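Novice: Provided below for reference: sequence and predicted model.
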Amino acid sequence: MKNLRKYGNAPFNTAVIHGGPGAPGEMVPVARELSSPSGILEPLQTATTIEGQVQELKVVLKKRGDLPITLIGWSWGAWLSFIFTAKYPTFVKKLILIGSGTYEEKYAVNIIKTRLSRLSEEERAEAPIIDGNIERSNYQRQKHAHAPTWKIDFQG
């Protein structure tokens, strides 16, 4: 399989799912560290749709994994693992999500505000402007009227 890396020896009862999409290799250090007691799979995402990546993961795990498997997803890989597990729960023994985005819109509304609140005033002034649906936040107007802060409008 061209879209699979293996670490260690069978049984392959854990799979590390990289971020991106299209960022293979992020989970290599994790895979190597975990591969001494048992084998680790690193399926590579090559499909261009979410459903395509879910199906691609299903094929790889069914052919090469010792099911049910432990999925360790990082960033986009956490999302993909979550979606995959919801669709194919019998394939998954454990689900570990690392550095995932939020799963409910109500929590996403404050991401930019939270990130910017962790920066100094100077760093906030240098924060890149995100193209697209952006609006000034009330937080910024109240706290730092002279330097704009931005948040994403998820309704657009």
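Specialist: That came through fine. Residues are numbered from 1 along each chain as shown.

Novice: I figured Tyr103 hits Ile83, correct?
Specialist: No - at 9.9 Å, Tyr103 does not count as touching Ile83 under the criterion of C-beta atoms under 8 Å. Heads up, the C-betas are built off the backbone N, CA and C, glycines and all.

Novice: and these two? which has more neighbours close in?
Specialist: Neighbours per residue (other C-beta atoms under 10 Å) separate Tyr103 from Ile83, with Ile83 holding more: 17 against 12.

Novice: in a helix, the more buried one, correct?
Specialist: Yes - the assignment for Ile83 by DSSP: H, G, I helix; E, B strand; the rest coil puts it in a helix.

Novice: and the closest residue to it other than its chain neighbours, what pLDDT?
Specialist: Of all residues not flanking Ile83 in the chain, Val54 sits nearest, at 6.0 Å (C-beta to C-beta, 6 or more residues apart in numbering). Looking at Val54, its pLDDT stands at 96.

Novice: next one: Arg5
Specialist: pLDDT at Arg5 comes out at 94.

Novice: so it, which of the three states?
Specialist: Of the three states, Arg5 takes strand under three-state DSSP.

Novice: same question for Gln53.
Specialist: What three-state DSSP gives for Gln53 is helix.

Novice: count of residues packed around it?
Specialist: 23.

Novice: tell me the SS of the closest residue in space to it that isn't next to it in sequence?
Specialist: Spatial nearest neighbour of Gln53, excluding adjacent residues (C-beta to C-beta, 6+ apart): Ala47 at 4.6 Å. Put simply, Ala47 is coil when judged by three-state DSSP.

Novice: just the helices in the chain please.
Specialist: Assigned by DSSP state H, the chain shows helices spanning 28-34, 50-64, 76-87, 105-108, 111-117, 121-126, 138-143.

Novice: got these as TSV, with distance to Asn3 columns?
Specialist: As requested, the helices of the chain are exported to TSV (distance: least, C-beta to C-beta, whole Å):
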stretch	distance to Asn3
helix 28-34	15
helix 50-64	7
helix 76-87	13
helix 105-108	30
helix 111-117	31
helix 121-126	39
helix 138-143	43
